[in-house]
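*Asks:* Structure for the following, please:
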Amino acid sequence: MQFKSYAKSLAVAVSLAVMAGCSSTGGSQDGSMDGTGTAGGVAGQGMANGQASGTQLGQGQGYGQGQGQGIPDQRTIYFDYDRDTIRPEFESVLNAHAQYLRSNPNASVILQGHADERGTREYNLGLGERRAQSVEQFLTVQGVSPSQLEIVSYGEERPAVEGHSEQSYAQNRRVVFDY
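*Replies:* You can find the predicted model right below:
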């Protein structure tokens, strides 16, 4: 009898902890494919069958506050369906973030993992977490301190784009850098 009371208390505590960890920090995501916060544009048109063109994404990243000094402009990377492996066209984006974080040891970032709506809620939360962990592992291999990185998975709960097309799904399979 006492065990059931303990189990219920534990379940409530875990639920509250999960809800606190998933609380909103505000802001919005407009679903732009280039991660700059501007919808439309050339990068959003580069989708064909869920694949992004390397000349439109992942190349030529600028920096927010002068070349080489600020946070990289591109703060979103995208993943293939049901995958947590980093696509080659986004390695330069990750390298730019790694360089920024190494150069600014007091800076920290939350890696927000997302998934499209296909699959169960639990599966998508796990997939979003695995995607963020892949980015975290890439950054730590590049010399970023693990203390600068935090992972949050939103799964399918915060879509960048509403819709039921492959293009919408592709924009929702992402990791967002939240500085």
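*Asks:* From now on I want contacts and neighbour counts done on CA atoms only, so please keep to that.
*Replies:* Noted.
*Asks:* By mean pLDDT, which helix or strand of the chain comes out lowest?
*Replies:* In the chain, no helix or strand scores lower on mean pLDDT, DSSP states H and E than helix 41-44, which sits at a mean of 32.
*Asks:* Can you name the next helix or strand after that helix?
*Replies:* Helices and strands here follow DSSP states H and E; after helix 41-44, the next one along the chain is strand 76-78.
*Asks:* ok, that next one: who's next to it in the sheet?
*Replies:* Here strand 76-78 is paired, per DSSP bridges, with strand 174-178 (antiparallel).
*Asks:* looking only at pLDDT, what's the mean for the partner strand?
*Replies:* Model confidence over strand 174-178, given as mean pLDDT, is 98.
*Asks:* what comes up buried for that strand?
*Replies:* 174, 175, 176, 177 (16 or more other Cα atoms under 10 Å).
*Asks:* Low-confidence stretches in this protein?
*Replies:* Segments of the chain classed as low confidence (criterion: pLDDT under 70) are 1-69.
*Asks:* can you give me the strands in it?
*Replies:* Counting by DSSP state E, one finds strands in the chain at the ranges 76-78, 109-114, 149-155, 174-178.
*Asks:* Reformat the ones you listed as CSV; add distance to residue 125.
*Replies:* Rendered in CSV, the data for these read as follows (distance: least, Cα to Cα, whole Å):
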stretch, distance to residue 125
strand 76-78, 16
strand 109-114, 8
strand 149-155, 4
strand 174-178, 12
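*Asks:* so of those strands, which one's packed in deepest?
*Replies:* Highest mean neighbour count among the strands of the chain (mean count of other Cα atoms under 10 Å): strand 76-78, with a mean of 27.
*Asks:* For stretch 152-159, measure first residue to last.
*Replies:* End-to-end span of stretch 152-159 (Cα to Cα, to the nearest Å): 15 Å.
*Asks:* Repeat that for stretch 139-155.
*Replies:* The straight-line separation of the ends of stretch 139-155 (Cα to Cα) is 21 Å.
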